[in-house]
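> below is the sequence, then the predicted model.
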Amino acid sequence: MNATHNTYEVIIAGGGPAGSTASTLLAQHGHRVLLLEKERHPRFHIGESMMPYIEPVMQRLGIDWGEGNLRKNGADFIDEQSGRQLSFPLQNRYGTYQIERSVFDRKLFENAVGHGVEGHQQEKVLHAECTQSGVEVRTERGVYQGRYFIDASGRSALLGRKRKSIQRLENLGRFALYRHFQVGHSPEIDAVFATGSIKILLADIGWLWLIPMTGRRFSIGLVVQQDNPRGISRRDLFQRYIDASPLLNTLLKDARPVSEMQVEADFSYINERRYGLRYACCGDAAGFLDPVFSSGVFFAVKTAEFIADRVHLGLLNNAEDDPRLHATDDQMYQTGFRTMQLLIERFYRSRLIHNLVFEADRHPRIKQEVTALLAGDLWQEGNLFQQGLLRGRRGRD
Ligand SMILES: Cc1cc2nc3c(=O)[nH]c(=O)nc-3n(C[C@H](O)[C@H](O)[C@H](O)COP(=O)(O)OP(=O)(O)OC[C@H]3O[C@@H](n4cnc5c(N)ncnc54)[C@H](O)[C@@H]3O)c2cc1C
C-alpha cells in the first residue's frame, strides 16, 4: 500500500451507527477519515426500535427515515397477569421509526462514504496505539497512521476489553434471547402495525419485547434478569415465555421464523476509560444498557456526535492531544447514561414498576417527564422526575 494513502486525521474502528455517524460528521467538518468495519453490510444486528431524539442527529447526517419505514408511535407496557397496560406516546417534536438494523446500519455506512469517508469493509482492527505523537492502527490488511482514534467497535469494546476497563452493571437484565418472524394479516396483527408501537410485556423473569417492522416482520425477544434457570435450554426458555403470553400466541399463530434464535449475554456495562490521549470511545464501546427503553442507538449516535464535534475543534486548534478533550461532553454522557440506568433499575424493581409505569396516568407531570426521558430528551433543565432520580430520591416510585 502507498504510505501517503495510509495517513488520516481520524481513524475509526467499527462501522455501526456510532462509527458511521462520527465519521460522517467529521467528514462534513472537512477531515480525512478512515472507517474500518470488520463485517460487510448489510449484516444482521439486533436493536430495531429507535428513540425520537436520534432525529436531530439524522438531520445533520442528511438522512430521512420517513420513506418506507414503520412509524413508531410509542411504547406500550403490558402486564398480562393483571391485565394492566399503559402507553407512552413518543411522537413529540420528532417522529421516530422501527427499522431493521441491516437496513439502518447499511444506509448510515453508505451515507458516510457518500460524504467522503474512506470506508473499508471486512477489515478488522487488531490493535490501536495512541501516543503523544500520533495514532497507529493495525488491521488484518495494513497499518494506518492518524492524529486521532475513535473506538466505535460496539460490544466488542476493542480498547475497553484490552485495557480491562469494562465494569459490569448489576441489577439489570443478564441476557437476551431473540428472533425475527414473518407474519401475515389478522385484525390483531394489523392493529400492531397500525400504531407501530413497541410492546414491552412483563414476565416473572424479566420482560419480552415485540417490535413490528416494515415487510410485516416482528422482532421478538426475551430479556432475563437472572442466570439461566437450571434444567432448561435457552431455546425452550424462549419458547416457554412466548407460549405463556396470550398476546404473543395470538400474534404468532401462523408466523414463520425468519432467523435463528440468538443469544446476547454479559449485558450491561460501562467502560471506565472512555477517552484519553488521542482516543475516545462512543456507542456500545463506551457503555451498554439493558435495552428495555430502546436507548442503545440513541446513545450510539449521540456520543458519536459529541465526540466528532469535539475532535473537530481539537484538530482545528492542534489540541487533539489533550487527554481531557472530552471531559465536558463526558459529564453530559454520564448524566444521560446514569438517568437511563436508574430508570431501568426502577423498571426491574417489581414493587416500583406499577407506580412508575402503570400509575403514571394518574400523575400527568410524572408521565410527561418520563415520556421525555423515554424519547431521549435527557439534557433538559427542569425535568423534576429526572432530578429526583439522579439525586437518589425515591419519591413516588
Ligand atoms: C438484545 C438487544 C436488544 C436491543 N434492542 C435495542 C433497541 O430496540 N433499540 C436500540 O436503540 N438499541 C437496542 N439495542 C442496542 C443497540 O443495538 C446498540 O446499542 C447499538 O447497535 C450500538 O451501536 P454501535 O455503533 O455502538 O455498535 P454496533 O452497532 O454493534 O456496531 C459496531 C460495529 O463495529 C464492528 N466491529 C467490532 N469490532 C471491530 C473491529 N475490531 N474492527 C472493525 N470493526 C469492528 C462490528 O462489526 C459492528 O458493525 C439492543 C441490544 C441488544 C443486545
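Arrived safely, thanks for sending.
> who touches the residue of the stretch 51-200 of the chain found nearest the ligand in this structure?
Taking CB to the nearest ligand atom as the measure, the point where the stretch 51-200 of the chain comes nearest the ligand is Gly154, at 2.5 Å. Heads up, the C-betas are built off the backbone N, CA and C, glycines and all. Taking CB atoms under 8 Å, 6 or more residues apart in numbering, we find Gly154 in contact with 14, 16, 18, 283-285.
> filter these down to the ones near the ligand?
14, 16, 18, 283-285 (CB under 6 Å from any ligand atom).
> so which of those residues belong to helices?
When those are checked against helices using DSSP state H, the ones located there are Ala18.
> where does the stretch 1-150 of the chain have low pLDDT?
Per-residue confidence of the stretch 1-150 of the chain (counting by pLDDT under 70) places the weak regions at 1-5, 91.
> around the ligand, pick out the residues from the protein.
Within the chain, the residues that sit near the ligand (CB under 6 Å from any ligand atom) are 13-19, 36-39, 45-50, 124-125, 152-156, 158, 176, 178, 221, 264, 283-285, 291, 294, 296-298, 300.
> what's downstream of the one helix or strand Thr21 maps to, the next helix or strand?
Secondary structure here is read from DSSP states H and E; on that basis Thr21 sits in helix 17-28. Toward the C-terminus, helix 17-28 is succeeded by strand 33-36 as the next helix or strand (DSSP H and E).
> return that following strand as CSV; C-alpha atoms alone will do.
Listed next in CSV are the C-alpha coordinates belonging to strand 33-36 (Å, rounded to 0.1, in the frame of the first residue of the first chain):
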residue,chain,number,x,y,z
VAL,A,33,-11.4,9.9,7.9
LEU,A,34,-10.9,6.2,7.6
LEU,A,35,-13.8,4.0,8.8
LEU,A,36,-12.9,0.3,9.3
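> just the closest residue of the stretch 1-150 of the chain to the ligand, please.
Taking CB to the nearest ligand atom, the stretch 1-150 of the chain has Gly16 as its residue nearest the ligand, at 2.0 Å.
> just give me the neighbour total for Gly221.
Neighbouring residues of Gly221 were enumerated by other CB atoms under 10 Å; the total is 22.
> how about it, what does it touch?
Residues in contact with Gly221, defined by CB under 8 Å, 6+ apart, are 46, 176-179, 208-209.
> how much space between Ala327 and His29?
As defined by CB to CB, to the nearest Å, Ala327 lies at a distance of 20 Å from His29.
> rewinding a little: got JSON lines for the ones next to the ligand among the contacts of Gly154, with distance to Asn111 too?
JSON lines is the format used below for the ones next to the ligand among the contacts of Gly154 (distance: CB to CB, whole Å):
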{"residue": "Gly14", "distance to Asn111": "16"}
{"residue": "Gly16", "distance to Asn111": "13"}
{"residue": "Ala18", "distance to Asn111": "14"}
{"residue": "Gly283", "distance to Asn111": "16"}
{"residue": "Asp284", "distance to Asn111": "20"}
{"residue": "Ala285", "distance to Asn111": "20"}
